[in-house]
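Asks: Have a look at this prediction, sequence included:
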Amino acid sequence: MKSTIIGILLAFCANYQLKANPFKTDSLTYTKGKITYGATLSYPQKTGKVPAIILISGTGPQNRDGEMAKFKFFKEIADYFNSKGVAVLRVDDRGVGKSTGNYFQATTEDFAQDVEASLDFLKKQQGIDPKKIGLLGHSEGGAVSFIVASRRSDVAFVISMAGLATKGIDALRKQNADLVATAKIPEYDKKRYNEINELMFQTVYDNVQKDSLSLAKAMQTTYDTWKKKDNEYVASLGIQPDHDHFRFPIYSYTMQATGAWYRYHIMFDPALFLPKVKVPVLALNGDKDLFVSYKENLENIERLLKQGGNRDVTTKVITGVNHLFLACQLCTTEEYNKLHKQFPTSVLSTMGDWVLNHTK
């Protein structure tokens, strides 16, 4: 009797463990050129070759789980796709975790080359169907996915989540205007921020081909000219200079704008890449996103893809979610840490159903 009970318990535990861990997960590294990449490849435990997706992060150094605001963005996506029979490769950004290199010296083009290294690696893995490997990019990662798909014939499909698909300078203008609009500051300060932001963006754009010293001088001249007029504006409001706490971070902005990433970003033009993407594309954007405006970006994705002859294009607005596709109330950046960290099921099911339909 005792041995029978033990046998039942062992069978129950084995069955529970199988259900609790239905996916195989490998932590691994691979190297291309001077960069070694740390990554996790997770896939369903089944026979035969399966489709796969490479996850591509947005702006800012992120680990392979895409952890932002205490939300493991990519880990949740990977678990969902694994449950649908799709393998997922998620990678530490340069200089993060097990990946080498310097993130802050890299550009969007460098990140595209990182994805190509991951694609070359994934195609050689047992159990992966090399003809059914797609890309899923979030934010700047969406732009990266379009760059790679525009020049690689071995990309099977692309999913863009809040993907950047407008010119870099237009994206900066819209993003900063939206952030200023939601800021808890007086209207006259909103006016001042919008004014100096626009002047500085245009100055960088007009002088981006110059050396760093010349670009920095042009920015300083623009700032000094604006500051003189701004002082007069503040005085007209009856505000004393020592009571005016408005500060534009000219020095830190100059350091950022003279860097390689910013130079590439402000000149980015999706029209150079999107018309060359011939594979199926799914693009999702949240209507409460303050970083990547859904209207302009989804319209550009559809227009430019179809301009190049691509007819397998699906765009969808996800209502009530922010840049991380989290349901929000105020939808400001300050609210991120207070939100329930879980994707709406509609977001995951939309992506899952679309991928399965395109990888049958």
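Replies: Now that the structure is in, tell me what you want to look at.
Asks: May I ask you to confirm that Phe74 is in contact with Asp65?
Replies: Yes. Using C-beta atoms under 8 Å, Phe74 is in contact with Asp65, at 5.3 Å. Backbone N, C-alpha and C define where each C-beta goes, glycine included.
Asks: intersection of neighbour lists for these two?
Replies: Arg90 (C-beta atoms under 8 Å, 6 or more residues apart in numbering).
Asks: With neighbour numbers in mind, choose between the two.
Replies: Phe74 (25 against 20; other C-beta atoms under 10 Å).
Asks: In contact with the closest residue to that one other than its chain neighbours, which residues?
Replies: Excluding the flanking residues, the one nearest Phe74 by C-beta to C-beta, 6 or more residues apart in numbering is Gly66, at 3.3 Å. By C-beta under 8 Å, 6+ apart, the residues touching Gly66 are Leu55, Ser57, Lys72, Phe73, Phe74, Lys75, Ile77, Arg90, His138.
Asks: any idea of the pLDDT on Gly66?
Replies: Gly66 is assigned 93 on the pLDDT scale.
Asks: Now a PyMOL select for only the buried ones of the contacts of Gly66.
Replies: Restricted to buried positions by 16 or more other C-beta atoms under 10 Å, the PyMOL selection for the contacts of Gly66 reads:
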select buried, resi 55+57+72+73+74+75+77+90+138
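Asks: Tell me which of the contacts of Gly66 fall in strands.
Replies: Leu55, Lys72, Arg90, His138 (DSSP state E).
Asks: Farthest pair within those?
Replies: Using C-beta to C-beta, the pair of these lying farthest apart is Lys72 and His138, separated by 12.8 Å.
Asks: Glu195 and Tyr223 touch, don't they?
Replies: No. In terms of C-beta under 8 Å, Glu195 does not count as a neighbour of Tyr223; the distance is 11.5 Å.
Asks: These two - which one has more neighbours?
Replies: The neighbour comparison of Glu195 against Tyr223 (other C-beta under 10 Å) goes to Tyr223, with 20 against 15.
Asks: Show me what the host helix or strand of the more buried one is packed up against.
Replies: Using DSSP states H and E, Tyr223 falls within helix 212-236. Applying 3 or more C-beta pairs under 8 Å, 6 or more residues apart in numbering; DSSP states H and E, one finds that helix 212-236 makes contact with helix 187-207, helix 250-257.
Asks: Around the residue nearest to Lys306 when sequence neighbours are not counted, how many other residues sit close by?
Replies: Leaving aside its sequence neighbours, Lys306 sits nearest to Val313 (C-beta to C-beta, 6+ apart; 6.4 Å). Neighbours of Val313 under the rule other C-beta under 10 Å: 18.
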